[in-house]
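Novice: Pasted the sequence and its predicted model underneath.
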Amino acid sequence: MDILRSVINGTNVILWEKNVLVIMLIGMALYASYKTKFMQIRLFKEIIKTLKGERIDGEKISSLEAFYLGTACRVGAGNIAGVVAAISIGGPGALFWMWIVALLGASTSFIESVLAVVYREKDVKGNYRGGTPWIIKNRLKNKWLGIVYALASIVCYVGVIQVMSNSVTESIVGAYKINAKVVAIILAILVGATIFIKGKKDTIVKALNKVVPIMAFMYLAVVVYVLLTNITQIPFVFGKIFSAAFGVNEIAGGALGGVIMQGVRRGLFSNEAGSGNGNYAAALADVDEPVKQGMIQSLSVFVDTLIICSATAFVVLLGDMNALEGMSGMILFQEALRGHIGWIGIPFTVIILFFFSFSTILGVTFYGRNALQFITENSKINIIYQLVVVWMVYIGGVEQNYFVWSLADFGLGLMTVINILTIAPLVSESTVYLEKYEQKLKGYAKMNS
């Protein structure tokens, strides 16, 4: 009843009230890191090598394309607004704990992605499909629980679509005073055109192949400029991050727990390791080696937090604190960026937020389509779902629907609980694949020596 009451009241405190989800996610990350002997650190060079996947012609999806898909869903408006909020509330020390969460969470993403590849299926066209629902059905022999997870996914993604759409319209309306309905209609048309156009390869995947590299390059190019023009201040900023993460002032003031919790929460819900979202992408790649795909998705966690979230944090932390005093949220980020690169900071923020949000909308639409496919093969229902997506883009663009947003939180919470309870008993099974893969690497090394 408490969960239902939270949803009805439209609050954001849904299933993870009293930090239940935080405890489960951290516990899973620590356990996975221990069982894999911290593969995310030991095998980091090998993880980077897996990104050199070849693109595949036709309808099949390569490991690199699966990486773009997973990254698109992880990287969204929260990588700006959420990070700014974490720093505003928890101080610069929150960023350090986000890094720690990403380093640990990468092992969780590895475990769940390996399982997604192992227990996936092929559709009538010979293309792979899979994710947590398929793990539950094919490994645990419990299809009804898989259906519950799939339904929770769809509920979550519908809410996420509205949140992302609203982020786009708010940023454009705030910067240029354009009518929100006009922006929402244009965004809905763009999304609709992308998901309904037919081609040899899924148009969402094709779009993300272009959007993800472009948005990453644009954002990181600007951040590199900010870092270079403030290079003498970087050691000072790192000092603030580490001192605030363990600082005497925070301990003496009883605020250290708040610093840690802000960083942990933001990190967990940004990189999504443990929720099972990335499993939908991992299972699609046309690869024979489950471990490689697990590495690809663990790298996606690193990109989300260690690169994109850190980039946002440094833009703010290198800004003029006196000029930014009293600001928060997107206004704080926009003004910080304007202080670094001038007037162009405002339109650039609008553009990058559009790319982040648009890619997330496409990514979760694709995920939701996979979840729906687990429930039913009826193509008409799939078309109806895609029409609902376009409608949700418009609705989210013209108004903030806190009830739907809270349902998204509820869906994500339910997904995370089911996913962790599913993969936790199967961690040792994943490590067997990892051990065999490492033996292959040693064999290759001996042959080449």
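Specialist: Received it, and whenever you're ready, just let me know what you need.

Novice: Show the pLDDT at the most centrally placed residue in the chain.
Specialist: Geometric centre of the chain, nearest residue: R74, 1.5 Å, by C-alpha atoms, centre = their mean. Turning to R74, the model gives it a pLDDT of 73.

Novice: Give the burial count for the nearest residue to it once chain neighbours are set aside, as a bare number.
Specialist: Distances taken as C-beta to C-beta, 6 or more residues apart in numbering place D304 nearest to R74, at 4.1 Å, with adjacent residues excluded. Any C-beta I mention is one placed from the backbone N, CA and C, and that applies to glycine too. Residues within reach of D304, counting by other C-beta atoms under 10 Å, total 27.

Novice: Correct me if wrong: D304 contacts G105.
Specialist: No - taking contact to mean C-beta atoms under 8 Å, the distance of 9.5 Å between D304 and G105 leaves them out of contact.

Novice: Check which helix or strand V114 maps to.
Specialist: Mapping V114 onto the secondary structure by DSSP states H and E places it in helix 93-118.

Novice: which residues are contacting the next helix or strand along the chain from that helix?
Specialist: Secondary structure here is assigned by DSSP H and E; on that basis, the next helix or strand after helix 93-118 toward the C-terminus is strand 121-122. The set of residues external to strand 121-122 that reach it, using C-beta atoms under 8 Å, 6 or more residues apart in numbering, is 128-130, 134, 138.

Novice: Which single one of those is nearest to G443?
Specialist: Nearest to G443 among the contacts of strand 121-122: Y128, at 27.2 Å, using C-beta to C-beta.

Novice: Please enumerate the helices of the stretch 101-250 of the chain.
Specialist: The residue ranges that make up the helices of the stretch 101-250 of the chain, judged by DSSP state H, counting those that start in this stretch, are 132-138, 143-176, 180-196, 203-229, 234-246, 248-252.

Novice: re the thing from before, what are the phi and psi values at the residue nearest to R74?
Specialist: According to degrees, to the nearest 10, the main-chain angles of D304 amount to phi -60, psi -50.

Novice: Let me see the contact set for K292.
Specialist: Contacts of K292 by C-beta under 8 Å, 6+ apart are 50, 63, 437.

Novice: repeat for A336
Specialist: Per C-beta under 8 Å, 6+ apart, neighbours of A336: 315-316, 318-319, 324.

Novice: out of those residues, who has the most neighbours?
Specialist: Of the contacts of A336, V315 is surrounded by the most neighbours, 28 neighbours in total, counting by other C-beta under 10 Å.

Novice: how many neighbours does G126 have?
Specialist: When neighbours are defined as other C-beta under 10 Å, G126 has 10 of them.

Novice: how close does it get to D286?
Specialist: The spacing between G126 and D286, counted by C-beta to C-beta, to the nearest Å, is 10 Å.

Novice: before we move on, what about G274?
Specialist: Between G274 and D286 the computed distance is 26 Å (C-beta to C-beta).

Novice: how about E289, phi and psi?
Specialist: Comment: the main-chain dihedrals of E289 come out as phi -110, psi 110, following degrees, to the nearest 10.

Novice: Which residue comes closest to it once chain neighbours are left out?
Specialist: In this structure, E289 finds its nearest non-sequential neighbour in Y437, 6.7 Å apart by C-beta to C-beta, 6+ apart.

Novice: What is the burial count for the one you found?
Specialist: When neighbours are defined as other C-beta under 10 Å, Y437 has 20 of them.

Novice: Can you point out the buried residues in the helix or strand where it lies?
Specialist: Per DSSP H and E, Y437 falls inside helix 427-448. Of the residues in helix 427-448, those buried by neighbour count under the rule 16 or more other C-beta atoms under 10 Å are 427, 430-431, 433-434, 437-438.

Novice: List of residues touching it?
Specialist: Contacts made with helix 427-448 from outside it, assessed by C-beta under 8 Å, 6+ apart, are listed as 31-32, 35-36, 39, 43, 46, 110-111, 114-115, 118, 289-292, 294, 423.

Novice: Among these, name the buried ones.
Specialist: Among those, those classed as buried by 16+ other C-beta under 10 Å are 31-32, 35-36, 39, 43, 110-111, 114-115, 118, 289-292, 294, 423.

Novice: Flag the shaky bits of the protein, pLDDT-wise.
Specialist: 1-19, 52-61, 73, 76-78, 198-202, 205, 247-271, 328-329, 444-449 (pLDDT under 70).

Novice: Point out the other helices and strands that the stretch of helix or strand Y34 belongs to packs with.
Specialist: Here Y34 is covered by helix 20-35, with elements defined by DSSP H and E. Based on contacts counted as 3 or more C-beta pairs under 8 Å, 6 or more residues apart in numbering; DSSP states H and E, the elements that helix 20-35 packs against are helix 93-118, helix 256-271, helix 402-423, helix 427-448.

Novice: And those: which comes nearest I344?
Specialist: Each of those has some distance to I344 by C-beta to C-beta; the shortest is helix 93-118, at 25.4 Å.

Novice: For the closest one, what is the distance to the chain centroid?
Specialist: Offset of helix 93-118 from its chain centre (C-alpha atoms, centre = their mean, to the nearest Å): 11 Å.

Novice: cool, and stretch 36-49?
Specialist: The chain centre lies 20 Å from the centre of stretch 36-49; the measure is C-alpha atoms, centre = their mean.

Novice: got the contact list for it?
Specialist: Residues from elsewhere that reach stretch 36-49, judged by C-beta under 8 Å, 6+ apart: 33, 103, 106-107, 110-111, 295-296, 298-299, 302, 430-431, 434, 438, 441.

Novice: Just the CA coordinates for it, please, in CSV.
Specialist: What follows is stretch 36-49, C-alpha atoms only, in CSV (Å, rounded to 0.1, in the frame of the first residue of the first chain):
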residue,chain,number,x,y,z
THR,A,36,35.0,-11.9,-11.4
LYS,A,37,38.1,-10.9,-9.6
PHE,A,38,37.5,-7.3,-10.6
MET,A,39,37.5,-8.1,-14.3
GLN,A,40,36.5,-4.5,-15.1
ILE,A,41,40.0,-3.4,-13.9
ARG,A,42,42.1,-6.5,-14.7
LEU,A,43,40.8,-6.8,-18.3
PHE,A,44,40.4,-3.1,-19.1
LYS,A,45,42.7,-3.3,-22.1
GLU,A,46,40.8,-6.3,-23.4
ILE,A,47,37.5,-4.4,-22.8
ILE,A,48,38.7,-1.5,-25.0
LYS,A,49,39.8,-3.9,-27.7
